[in-house]
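**Student:** Could you look at this predicted model? Sequence included:
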Amino acid sequence: MTKKTSIFSNFHKSWRQSSWQLWRRHWLDVIVLMVIITVISGLLLMRSQRQTEWVTVQLKVAPEEWWYRGMKSDYWLAQNLLPGTIGTNSFGEAVAEVVSVEIFDVGEAKNQIQVWAKLKVSFDSKKQNYIFGFQPLQIGRGLELNFGSQQIKGVVVNLDQTSVTRMMKTVKLQVFSVNPYVASTYL
């Protein structure tokens, strides 16, 4: 028992001495500490003064590279993604909102999914581009969005275009010499 108390008392005594020496510094140490505090406070000030704005982005849900065309999205991927769904950052602040979702069936339980979302971005005037999630927001670049329990990965197709021109076309197909069983499935 006496060894434990002596170890504790020695530790306590050495800690008291080191904590007292912690406050006694050389003048060069004080200058270095002040420079570090100044740099950190300057970075925090610049971060807090950064202006943010909302930008509309069109995202094609797919693997992050255009050249990889092997797999389409599964049917369940955007099943619960509805317009008005909000995505938040780690501080609980809203940084993304789904504007609209278009799902095109391509067969075999696969879909092609287009998502339009408004993102809260900051503008980098030196590089003349938008920053989202500490990364530049560019057409053709991969983007990952988190909406609560749903995560969407895709490629940015369009940036800051609020009105998208869409067309509906009716196509008539005339097929000659086809199996009647196959033809009946198209009617």
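**Tutor:** In hand now; what should we look at? Numbering: from 1, shown residues only.
**Student:** shaky segments in the chain?
**Tutor:** Within the chain, the stretches with pLDDT under 70 are 1-25, 63-75, 109, 161-166, 175, 186-187.
**Student:** rerun that using 90 as the cut-off
**Tutor:** For the chain, the stretches with pLDDT under 90 are 1-31, 33, 43-53, 58-94, 100-115, 122-136, 138-187.
**Student:** need the helices for it, in chain order.
**Tutor:** 2-23, 27-48, 180-185 (DSSP state H).
**Student:** Return the set of buried residues in the shortest one.
**Tutor:** If I follow you right, that is helix 180-185. For helix 180-185, the neighbour count (16 or more other C-beta atoms under 10 Å) marks no residue as buried. The way it works is simple: take the backbone N, C-alpha and C, and place the C-beta from them, glycine included.
**Student:** and that helix, how far from the chain's centre?
**Tutor:** Distance of helix 180-185 from its chain centroid, counting by C-alpha atoms, centre = their mean, to the nearest Å, is 46 Å.
**Student:** what's it packed up against?
**Tutor:** The contact analysis (3 or more C-beta pairs under 8 Å, 6 or more residues apart in numbering; DSSP states H and E) places helix 180-185 against no helix or strand.
**Student:** Residue 124: neighbouring residues, count only.
**Tutor:** 13 (other C-beta atoms under 10 Å).
**Student:** and it, what is it in contact with?
**Tutor:** Going by C-beta atoms under 8 Å, 6 or more residues apart in numbering, residue 124 touches 130, 131, 136.
**Student:** what's the closest of the residues you listed to residue 88?
**Tutor:** For those, the minimum distance to residue 88 (C-beta to C-beta) is 17.7 Å, reached by residue 131.
**Student:** what pairs with the closest one across the strands?
**Tutor:** residue 122, residue 136 (DSSP bridges).
**Student:** which residues does it contact?
**Tutor:** Residue 131 touches 121, 122, 123, 124, 137, counting by C-beta under 8 Å, 6+ apart.
**Student:** Same list (those residues) but as TSV, adding distance to residue 83.
**Tutor:** Formatted as TSV, these follow (distance: C-beta to C-beta, whole Å):
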residue	distance to residue 83
121	20
122	25
123	26
124	29
137	21
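**Student:** Quick one, which of these are buried?
**Tutor:** 121, 137.
**Student:** Distance to residue 83 for the contacts of residue 124 - can I get that in CSV?
**Tutor:** Output for the contacts of residue 124, formatted as CSV (distance: C-beta to C-beta, whole Å):
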residue, distance to residue 83
130, 22
131, 25
136, 26
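**Student:** any idea which of these is closest to residue 35?
**Tutor:** Nearest member of these to residue 35, counting by C-beta to C-beta, is residue 131, at 27.2 Å.
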